[in-house]
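Novice: What follows is a predicted structure for the sequence shown.
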Amino acid sequence: MKTALIDLKTMARDDRGLEVTLSGELDLYTAEQVEPRLHELARAGHRNLILDLCGLSFCDSAGIDLFIRLNRRCRASGTRLLLCDVPPAVVKSMRMLGADRDLRLVVT
């Protein structure tokens, strides 16, 4: 059995929305672990779902695909997905895959 290498924590709820941190490694296995919880949060009716990604040490195309699917789910429920403090290597991968055109990256 593989141990999860990803941590998802709800950090703050306020008038800006819901802030969640993801830290660790986001790959095919761990994306499957956090996806149900993220989709649940996307449906919770917050104005914004803010994902703080500064703690990500690794993110492959499965993780980026998760962000794209989550963004679609957020839009469908009237929530805006914001990705904050995205590590430079992840930004580079998003740009290479063209995902940065759909995802909203916020510099803080």
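Specialist: Received the coordinates, thanks. What you see is a predicted model; the values in this text were computed from it and never measured.
Novice: Just give the number of residues close to residue 38.
Specialist: A count of nearby residues for residue 38, using other C-beta atoms under 10 Å, gives 21. In this view, the C-beta of every residue, glycine as well, is placed from N, C-alpha and C.
Novice: Output the helix or strand encompassing it as CSV, nothing but the C-alphas.
Specialist: When elements are assigned from DSSP states H and E, residue 38 belongs to helix 28-42. Provided in CSV are the C-alpha atoms of helix 28-42 (Å, rounded to 0.1, in the frame of the first residue of the first chain):
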residue,chain,number,x,y,z
LEU,A,28,-1.7,10.5,-10.7
TYR,A,29,-2.0,8.6,-7.4
THR,A,30,-2.3,11.6,-5.1
ALA,A,31,-4.6,13.6,-7.5
GLU,A,32,-7.1,10.7,-7.1
GLN,A,33,-6.8,11.0,-3.4
VAL,A,34,-7.6,14.8,-3.2
GLU,A,35,-10.0,15.2,-6.1
PRO,A,36,-13.2,14.1,-4.3
ARG,A,37,-12.5,16.6,-1.5
LEU,A,38,-11.6,19.4,-3.9
HIS,A,39,-14.8,18.8,-5.9
GLU,A,40,-16.8,18.9,-2.7
LEU,A,41,-15.3,22.2,-1.8
ALA,A,42,-16.0,23.5,-5.3
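Novice: distance between whichever helix or strand comes after it and the chain's centre?
Specialist: Using DSSP H and E, the helix or strand that directly follows helix 28-42 along the chain is strand 48-59. Offset of strand 48-59 from its chain centre (C-alpha atoms, centre = their mean, to the nearest Å): 6 Å.
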